[in-house]
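Chemist: Prediction below, plus the sequence it came from.
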Amino acid sequence: MLRSLVGLLTVVAMSAVADGVPGRVADLGWMAGYWKGPFGEDTLEEHWMHPSDDTVVGSVRVTRDGVTRIKEFIVIEQAGDTLLFRVSQFQPGMKPIHDEPPIMTLTEIGDRRVAFESAGGFVFRTLAYSRPEEDRFVIEAELATGEPLQLKLAPVR
């Protein structure tokens with residue numbers, strides 16, 4: 001029974017990837033850099049590596065008053081002709097927030113913009129990154145609650 005369920009879920013996941021919006025990891029070089037900005041009362045830092053082979057890797061730190069509140073490890077990976085977004089989030093003490101990393105699927109890719117959508121079970125319903133100007137990195141999201149979120153980060157030099 002368990003084997004059948006795992007097989008069915010694998011087929012469904014592969015079907016979703018096969019039907020996804022086309023995108024290439026190599027087109028995300030514009031994300032690379034170290035970015036920082038306000039996130040409510042917190043400070044958000046994002047460091048994105050240059051694309052390599054089939055992945056783009058990012059790390060995130062959210063701090064307030066000298067204390068790290070959340071850490072994230074993000075991988076955007078090639079999955080056939082599309083991209084998948086996976087994130088592992090950690091509380092202080094490296095305690096995982098999720099049992100399994102949430103997965104988001106590609107919904108849009110263009111000139112210095114990429115957007116993903118969650119199938120559920122994640123704080124974000126949608127998540128998009130853009131770089132409208134050389135010195136501006138923008139994160140736009142819709143929370144699972146339906147609330148919009150926009151963060152504007154600047155490069156750290």
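Modeler: Perfect, thanks for sending it.

Chemist: Please make it C-alpha for all contacts and neighbour counts, starting now.
Modeler: OK.

Chemist: Quick one: the helices in this structure, in order.
Modeler: Under the criterion DSSP state H, helices of the chain are mapped to 2-18.

Chemist: Give the residue spans of it that score low on pLDDT.
Modeler: 1-19 (pLDDT under 70).

Chemist: Relative to Phe122, how far out is Gly23?
Modeler: 22 Å (C-alpha to C-alpha, to the nearest Å).

Chemist: more crowded one of those two?
Modeler: Gly23 (21 against 16; other C-alpha atoms under 10 Å).

Chemist: Chain neighbours aside, what residue packs nearest to that one?
Modeler: Excluding the flanking residues, the one nearest Gly23 by C-alpha to C-alpha, 6 or more residues apart in numbering is Thr82, at 4.6 Å.

Chemist: Please state the offset of stretch 98-111 from the chain centre?
Modeler: Per C-alpha atoms, centre = their mean, to the nearest Å, the displacement of stretch 98-111 from the mean C-alpha position of its chain is 6 Å.

Chemist: List the buried residues in it.
Modeler: Within stretch 98-111, the residues scored as buried using 16 or more other C-alpha atoms under 10 Å are 101-107, 109.

Chemist: Quick check: nearest residue in space to Gly121, chain neighbours excluded?
Modeler: Per C-alpha to C-alpha, 6+ apart, closest to Gly121 is Pro102, 7.1 Å.
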